[in-house]
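> predicted model follows, preceded by the sequence.
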Amino acid sequence: MAPDKSRLIPWKYVQPLSLEDAVSTDKVALSITRQHLVELPSEDLADVLEELSRHEQHAVFSALDSEKAAETLLEVEPRAQRQIITHLRKEHAKSIFSEMTVPQLANIFSILPHDDVQDLVKLLDPEMAKRVQAILSEQEVRAKSLMSPDFWSNPPDAKVGEVVAEVRGSGSEPHQISYIFVVDHHKTLLGVVDLRELLIARDERSLGEIMNSRVVTVDESDLREDVAKIFAKYHFRMLPVVDSADHILGVIYYQDIMKDLVIRVA
């Protein structure tokens, strides 16, 4: 689908001092503020980048902070992704990659030449690098390789008011707290509470009283295709990954599996 021109910001608003300045310092002079760029939706910025030349792409992309750059890089089409990554300085690339999940990194690296991937993997944390390489080398990717350790859990006797206060003061990213997973001291998954249900419940009630004990889970050995089908069926924002004893090991985010993936559910 062609980009909606009404949603694009004209190149006249983004003017590098010079190409050399943009490449060496990652700084550009903007007719609109850097803050305005950050406030634009990542999808719109992706549309902008896809319309620009390589030099212009790099000048705009270098004006973004690491978090916004990561969000935008995930939205642009593969050709533009390859062009942008090719021009990234190592330190800038390392900072951007730190904002991504393992499945997101694997998706991006999968479109790059093998030699480039080997160089970029060296910029990652060793454990993350190992997991990314595992996904890239596996013909059948398992749920355990795709999961993230970033999720919120509490015991069943935790009070609603206390949990709400903890969440508000945690500084966690919004996508990490879509659900509160209720677990015992062995990390056995007992139930789940949607954040919206948590906010409307009385402070004195416990999570055990308001949780849904019928939790849709993913087994650690399930294939990526099976996980995608569950997401397509239920439209949850994340799915917990459990072992054979129902211990929660991590979560898989909807956006990590379903982006750019077409699933036909029988």
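Looks like it arrived, so ask away. Numbering: from 1, shown residues only.

> show me the strands in the stretch 51-200 of the chain, by range?
152-154, 179-183, 189-194 (DSSP state E, counting those that start in this stretch).

> ok, which of those strands comes nearest residue 173?
Residue 173 lies closest to strand 152-154 among those, at 10.7 Å (Cβ to Cβ). C-beta coordinates here come from the backbone N, C-alpha and C atoms, glycine included.

> what are the pairing partners of the closest one, and which direction each?
strand 179-183 (parallel) (DSSP bridges).

> quick one, the partner strand and strand 189-194 angle?
If you take axes from the mean of the first three to the mean of the last three Cα atoms, to 10 degrees, strand 179-183 sits at 160 degrees to strand 189-194.

> now do strand 179-183: everything it contacts.
With contact meaning Cβ atoms under 8 Å, 6 or more residues apart in numbering, strand 179-183 is reached by 151-156, 163, 167, 189-195, 198, 207-208, 211, 215, 237-238, 240, 248, 251.

> tell me which of the strands of the stretch 51-200 of the chain is the most buried.
Most buried of those, by mean neighbour count (mean count of other Cβ atoms under 10 Å): strand 179-183, with a mean of 24.

> run the chain-centre distance for that one.
Chain-centre distance of strand 179-183: 20 Å, with Cα atoms, centre = their mean, to the nearest Å.

> how close does the nearest residue to residue 187 once chain neighbours are set aside get to residue 80?
Spatial nearest neighbour of residue 187, chain neighbours left out: residue 247 (4.8 Å); criterion: Cβ to Cβ, 6 or more residues apart in numbering. Taking Cβ to Cβ, to the nearest Å as the measure, residue 247 falls 41 Å from residue 80.

> unless I'm mixing things up, the residue nearest to residue 187 is touching residue 190, no?
No: here residue 247 lies out of contact with residue 190, judged by Cβ atoms under 8 Å, at a distance of 11.2 Å.

> so what's residue 206 up against?
156-160.
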